[in-house]
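Asks: Predicted model and sequence below, questions to follow.
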Amino acid sequence: MNKYTVINPHSKFTVLNTHVHNIDGIAKVTGRAEYTFDVKLPGMLYGKILRSPHPHAKILNIDYSRALEIPGVYGVVTGKDTLGVKQGIWRRYKDLCDEQILPLDKVRYIGEPVAAVAALTEEIAEKALDYIDVEYEVLQGVYEPLDAIKKDAPEIHEGFERNINVTRHIEWGEVEEAFDEAEYVREDWFKCGGQAHMCMETRAAVSSYTPEKKMTIYSSNQSAYYMQALMAGVLGMREGDVRVLAKYVGGGFGGKFELDGAIFCSAILSMKLFRPVKIVYTREEDFIATKRRTPMFYYVRTGVKKDGTFCAREAKVFTNGGAYTGMGATALYLTGFFHSFPYRWKGYRYDGYRVYTNTLPSTSMRGFGAPQAMWCSEQQIEWIAADLGLDPIEMRRMNSHHEGYEVPGQATIASCGIDQCYDEIKTWIASKGELPANRAIGLSACGFMSGGIFNWFDTPYSFSSAVVTINQDGTVELHVGAQEIGQGSNTTMAIICAEALGVKVGDIKVHSGDTDHCPADLGAWGSRQTLMTGNAVKMAAEDAKKQLLEFAYAQSGLNIVYDLDIKDGWVHAIARPERGEEFVQLVRKALRGKDGQRIVGRGYYTPHRKGMISPAYSYMLQGVEVEVDEETGKIKLVDSMTAHDCGQPINHLGLIGQLEGAFSMAAGYGYLEYMPYEDGKLMNPNLVDYKMIRATEMPPANIAEIDTYEPEGPYGAKEAGEGLTNPTAAAIGNALFHLFGVQMKECPVRPEMILNALKEKKEAQGK
Amino acid sequence: MSEPISDPVICPVCGKKAKTGSAIDCARHMFGTGDKPHREWVNAQGLSFIDLMIEQATTPGNASYQILAEAIEKARAKK
């Protein structure tokens, strides 16, 4: 049974800060929610994609004439049917727009799309793939970043010397001087694996191009606006002529805000055939032909004083970028930034190198580079505390961020509850008493951002916008560009709108996931929607409320010193709550006063002067109790406790769901979800061989929610649900360290690694 | 953080003043930008941009930035 405790709770809200069920929950559990998979249009064809069997090869010729002879096949497209646009989500930097989804000249990873077929049924389309003849000239491949930077390594993209795709440098303070002050210096190399996003809904799209030169696309994505803009770019269309719909999305986790083969190939086929075309990826395709969490090699050198004061840190990181840039460039920066978190370093230097290889491209995934950073950082800190004989919690505490701290040149911390997190975890550990001999507790701290302030997408729009429209019956239409992907975004926005406007959640109808009818918004990534879209929604609702109250003031005849407010559908004088009228009555009067025009409120949000990374940061400390079978090396998670600061919680039910989900994904990254490649080929692209944490393996996920107030967030709210993907792997590693004294430097930690470490330890002791 | 300096070093390629205006910050800027003109300028100083970068990536410390900073100072002195 999970335990959920709120520390420092506020009680000044009517709707917010309560337990609200997802507003789309009933539609989902009754099967009425229509996902892209469910979309069926008149005359629709089904598409399948032919993929490269080679990790690196030139495409010499594609002959699909035999495929066209198969009854039921309507058409085939290749790179020659496209404009050949090299696209990417870093639109501001043309060099990093490096991916043709149907490449013209060469393939760079196994699974890359080469051609696509549209047919009457999926089965016919699948069969037709066998009748497409592709002539390749196979090239030498390279699969690991440290091999790809060698002088004699094959060139994957022209002009990228030694296959270095992107570099990032972060530095503050006099690093070498700070190392000189240190009385103890430790250096370690770590390896962090990839991870599949593993959305319940695989990539899917239905595209419909009409003779009016309009494209409508239903797609499973994290940002309808990004899809619209990117598709317009690759199709040579105006953004306004491309409509993207994504009302229900079965998970994203950072993997669905770039173009994928489903959306691109269905659109190209539809343009060629003037028929709607649907493509749904199989689970295997989702594994081998989308993107993954970025694998990294981390070198970490840390200098501290003997009393545990942190002096300096240096990190050098190579990431396995795979074949294309995608969002990997952002992950490269963020891993370097969050590697410093949540601590104060007098000198800090990070050099990150993203390297092209002939493997599946890597990109953003829940945590955005921070889980890898924390795997290395939090273990090394634990080892340093042990080396110096210090209490690891108190050593962390004395070096932690605090309210008002400035991460030099990067960020200012306006709210920070980590100090109380330490107290809560200490209490939890004390409550455990003495553990059995095969169990230990590991800890890990971290922080995370509440949306990114960078604009590599080069949008001219506000980062978030919202429109509130009030109907004559008191119901409210809320239009947002925020993307509901199963995380509860629509519910969060409804709560914020209801709180600001003074009505009930049930009065709000949220419209999202439709570029024709919703304002542009960067979508669901980097934990941005609660803070950014939430601010826009609050502003729009307050704008509408202000307009309504103008009518209320005019008719009330109240002395000007009295203020009016709306709470729970009741418009009243604050000083005399009993004097007022129903919200709906006021709305009708306002309608009449505006000659029948509905009240419309508008809100928008773009962060300004908030540093380099994010407007706000969440903080957390996690403890995990781990049991290990010494004979098999098998890990079992027994219990867990997370002390978490997300500012002011908007919806406790949503928060609990997000934290539990993040924990299960993070635990999978720590000890289960291994992606082995051989010569560029993923060896376990299915859910039998790729192990995820199952319900039976999920330990209690206890939470102590530390309420703080974040001045930049709506009602003081900030990030929740992505940041908690960061600490768990390191916490598991630290538990293994305390259990056996072994230092695990590669994640995920597999049973054979534990057995090997124990064997090596025994041999060392024998010597 | 170092204080801004009075006679800042300007990037010999794009004319940008990097952070404090020190030669080492200029070197960091050149590595960070890393486009063709910046690479060619470094190579023209008798150095290898890519070798310096790999050296910086694979060894602890700041040696490559310092080597490039010295080259920037030398080129500046020549002017």
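Replies: All right, it came through fine.

Asks: Quick check: buried residues in the longest helix anywhere in chain B?
Replies: If you go by DSSP state H, chain B has its longest helix at helix B:63-78. Across helix B:63-78, burial judged by 16 or more other Cβ atoms under 10 Å in any protein chain shown covers B:64-65, B:67-69, B:71-73. To be clear about C-beta, it is placed using only N, CA and C from the backbone, and glycine gets the same treatment.

Asks: Contacts only, for residue 19.
Replies: The chain I'm using is chain A. A:651-653 (Cβ atoms under 8 Å, 6 or more residues apart in numbering or on different chains).

Asks: That was the other one, I meant chain B.
Replies: Contacts of B:K19 (Cβ under 8 Å, 6+ apart): A:409, B:25, B:28-29.

Asks: Check these against A:G233 and report the nearest one.
Replies: B:H29 (29.7 Å; Cβ to Cβ).

Asks: burial measure for the closest one, as a count.
Replies: B:H29 is surrounded by 21 other residues when neighbours are defined as other Cβ atoms under 10 Å in any protein chain shown.

Asks: isn't it right next to B:C11, touching?
Replies: Yes - using Cβ atoms under 8 Å, B:H29 is in contact with B:C11, at 5.9 Å.

Asks: re the thing from before, which among the buried residues of helix B:63-78 are in contact with chain A?
Replies: Among those, proximity to chain A is found for none (Cβ under 8 Å from any Cβ of the partner chain).

Asks: so can I have a markdown table of these showing distance to A:L724?
Replies: Output for the buried residues of helix B:63-78, formatted as a markdown table (distance: Cβ to Cβ, whole Å):
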| residue | distance to A:L724 |
| --- | --- |
| B:S64 | 37 |
| B:Y65 | 36 |
| B:I67 | 42 |
| B:L68 | 40 |
| B:A69 | 41 |
| B:A71 | 46 |
| B:I72 | 44 |
| B:E73 | 47 |
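
Asks: Low-confidence bits of chain B, can you list those?
Replies: Within chain B, the stretches with pLDDT under 70 are B:1-4.

Asks: list the contacts for A:S340?
Replies: So A:S340 contacts A:170, A:313, A:348, A:350, A:407 (Cβ under 8 Å, 6+ apart).

Asks: tell me the phi and psi of the first one?
Replies: Just to be clear, that refers to A:I170. phi -130, psi 130 (degrees, to the nearest 10).

Asks: one step back: who does the longest helix of chain B touch, helix- and strand-wise?
Replies: Packing partners of helix B:63-78 (3 or more Cβ pairs under 8 Å, 6 or more residues apart in numbering or on different chains; DSSP states H and E): helix B:23-33, helix B:49-58.

Asks: rewinding a little: name the member of the contacts of A:H19 with the most neighbours.
Replies: A:N651 (27 neighbours).

Asks: Was I right to think that residue contacts A:I23?
Replies: No - contact criterion Cβ under 8 Å: A:N651 and A:I23 do not qualify, at 10.4 Å.

Asks: what touches both of those two?
Replies: Listed as contacting both A:N651 and A:I23 by Cβ under 8 Å, 6+ apart are A:T491.

Asks: what residue ranges in chain A score low on pLDDT?
Replies: Using pLDDT under 70, the flagged stretches of chain A are A:1.

Asks: try 50
Replies: Filtered on pLDDT under 50, chain A yields no residues whatsoever.

Asks: any idea how it splits into domains?
Replies: Per automatic domain parsing, the domain ranges recorded for chain A read A:1-8+A:390-452+A:614-767, A:463-605.
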